[in-house]
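Colleague: My questions are about this predicted structure, shown below with the sequence.
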Amino acid sequence: MSKQDYVLAVLRTTCVRVRLIENELHTIGVALKGNLISPEMALDCAEEIAPGCAAVVAESAGAV
């Protein structure tokens, strides 16, 4: 396997992981909207799945 083939495989794997993260975050949103989890729990779950991302978005929106 050439270095280029390896990097392409890494990029494909990364894309799959990003879609998984997106689906997990969507599921958290559905649970929050359905009052199955608290806002704090939703943020905790988001932090576990995508460390740092929710905090960056909240800071840029002025929510924190």
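Modeller: Perfect, I can see it now. What you see is a predicted model, and the numbers here were worked out from it, not measured in a lab.

Colleague: what separates the helix or strand hosting L43 from the chain centre, distance-wise?
Modeller: In the assignment (DSSP states H and E), L43 maps to helix 39-49. For helix 39-49, the distance from its own C-alpha centre to the chain's C-alpha centre is 10 Å (C-alpha atoms, centre = their mean, to the nearest Å).

Colleague: Then stretch 1-12?
Modeller: Averaged C-alpha coordinates place stretch 1-12 at 24 Å from its chain's average position (C-alpha atoms, centre = their mean).

Colleague: do stretch 16-26 as well
Modeller: Taking mean C-alpha positions (C-alpha atoms, centre = their mean), stretch 16-26 and its chain are 6 Å apart.

Colleague: And stretch 25-38, by the same measure?
Modeller: The gap between the average C-alpha position of stretch 25-38 and the chain average comes to 14 Å, counting by C-alpha atoms, centre = their mean.

Colleague: same deal with stretch 48-55?
Modeller: If you compare the mean C-alpha spot of stretch 48-55 with that of the full chain, they lie 6 Å apart, counting by C-alpha atoms, centre = their mean.

Colleague: What are the buried residues along that stretch?
Modeller: Along stretch 48-55, these residues count as buried under the neighbour rule (16 or more other C-beta atoms under 10 Å): 49-50, 54. Backbone N, C-alpha and C define where each C-beta goes, glycine included.

Colleague: shouldn't L43 be in contact with A54?
Modeller: Yes. Using C-beta atoms under 8 Å, L43 is in contact with A54, at 5.7 Å.

Colleague: still on that earlier bit, from the buried residues of stretch 48-55, pick the one nearest L8.
Modeller: Taking C-beta to C-beta as the measure, L8 sits nearest to A50 out of the buried residues of stretch 48-55, at 23.9 Å.

Colleague: mind checking how far the helix or strand following the helix holding L43 is from the chain centre?
Modeller: Reading on from helix 39-49 to the C-terminus, the next helix or strand found by DSSP H and E is helix 53-61. What separates the centre of helix 53-61 from the centre of its chain is 12 Å, taken as C-alpha atoms, centre = their mean.

Colleague: orientation of helix 53-61 relative to helix 39-49 in degrees?
Modeller: Compare the direction of helix 53-61 with that of helix 39-49 by axes from the mean of the first three to the mean of the last three C-alpha atoms, to 10 degrees and you get 120 degrees.
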